[in-house]
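Asks: kindly return the folded structure for what I paste below:
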Amino acid sequence: MDMSTTPTQTTEVPSIVPAVDVFEDEHGITLKADLPGVSRENLNVRVEADQLTIEGQVTLGASAKLEPVYAEIRMAQYRRTFALSRDLDTGKIDAGIRNGVLTLRIPKAEQAKPRRIAVQVS
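Replies: Take a look at the predicted model:
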């Protein structure tokens with residue numbers, strides 16, 4: 001009985017869950033996700049209903065002139081999903097990527113922001 005194993009070829013790339021920091025202030029939340037090697041062209045950020053999804057793909061240095069003899073990893077796929085509060089205004093999300101860090105700013109909806117109420121003397 002042969003107990004050796006050979007790698008199986010699959011077309012599905014397993015997803016890596018990126019590290020994320022989330023900060024909240026009175027105006028909204030800021031989300032910073034580590035996506036090293038992901039370019040703007042290979043980044044997909046979308047909101048569907050109350051779900052925020054971040055996806056990014058990295059292709060690791062395959063040259064047109066070289067053919068790999070052995071490669072365990074050829075590309076990396078980042079994916080993470082968040083449930084968003086209805087207090088956030090998803091129509092005004094601001095996104096940018098720099099040095100492998102995606103920064104999203106999601107403002108609070110006007111009705112969710114704290115407001116000061118003037119008190120009258122009667």
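
Asks: number of nearby residues for Asp94?
Replies: Using other C-beta atoms under 10 Å, the number of residues around Asp94 comes to 11. For glycine as for every other residue, the C-beta is placed from the backbone atoms N, C-alpha and C.

Asks: quick check: phi and psi at it.
Replies: Backbone torsions of Asp94, given as degrees, to the nearest 10, read phi -110, psi 130.

Asks: ok, and the closest non-adjacent residue to it?
Replies: Closest residue to Asp94 apart from its sequence neighbours, by C-beta to C-beta, 6 or more residues apart in numbering: Arg105 at 4.4 Å.

Asks: got phi/psi on the one you found?
Replies: phi -110, psi 120.

Asks: count the neighbours of it for me.
Replies: The burial count for Arg105: 15, using other C-beta under 10 Å.

Asks: can you tell me the element the residue positioned nearest the centre of the chain falls in?
Replies: In the chain, the centroid-proximal residue (C-alpha atoms, centre = their mean) is Ile54; its distance is 3.0 Å. Element membership of Ile54 [criterion: DSSP states H and E] is strand 51-59.

Asks: now do that strand, average pLDDT.
Replies: For strand 51-59, mean pLDDT is 91.

Asks: contacts for that strand next, please.
Replies: Strand 51-59 is contacted from outside by 13, 18, 33, 35-38, 42-47, 74-84, 90, 102, 104, 106, using C-beta atoms under 8 Å, 6 or more residues apart in numbering.
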